[in-house]
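In: take a look and give me a structure for this.
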Amino acid sequence: MFDIPFIEAMPDLSALDKEYDLIVDALFGFSFKPPVRPLFVPILEILFQTTVPVISVDIPSGWHVEDGPPTDVPSLAPDMLVSLTAPKLCAKHFKGRYHVLGGRFVHSKLKEKYQLELPPYPGISQTVVLTSNTQQ
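Out: Okay, here's the model as predicted:
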């Protein structure tokens, strides 16, 4: 339908920069705990260097859900972060262009229990822009 290619192997940096317009980073889930396993290190090293915009889903790959990016090794710096349900604590370290929250389905009792302060969603939208820094 959308003709979005899924790749089975990571292209080298020059091929990535020439052949792709956007990268969706969804390697790890929110339960990820550093360090990155050796199998994934070469993939992340290419993502650190690419000129193609990177959108991270929920948590940038390699980041700790609470502490954010590692400080002892290079880390991913995505252009956009799409937080799901609620921004995770690591999102305070995000410095990219756009931070978007997706999923307006958090029940009020859950908001109260976890003291979540979520923004209102416009109209019937399923997303809300939290930050937009287009000066970068």
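In: for the residue nearest in space to the middle of the chain, give me its contacts.
Out: In the chain, the C-alpha nearest the mean C-alpha coordinate belongs to Ser56, at 2.1 Å (C-alpha atoms, centre = their mean). Counting by C-beta atoms under 8 Å, 6 or more residues apart in numbering, Ser56 touches 25-26, 76, 78, 80-82. Where you see a C-beta, it was placed from the backbone N, CA and C, and this is true even at glycine.
In: repeat for Pro53
Out: Applying C-beta under 8 Å, 6+ apart, the residues near Pro53 are 21-23, 79-80.
In: kindly recompute the last result at 6 Å.
Out: 22, 79 (C-beta atoms under 6 Å, 6 or more residues apart in numbering).
In: in this structure Arg104 contacts Tyr121, no?
Out: Yes - counting by C-beta atoms under 6 Å, Arg104 touches Tyr121, with 4.5 Å between them.
In: which regions of the protein lie under the pLDDT threshold?
Out: Counting by pLDDT under 70, the chain contains low-confidence ranges at 1, 134-136.
In: all helices for the chain, in order.
Out: For the chain, applying DSSP state H gives helices covering 13-19, 41-49, 108-113.
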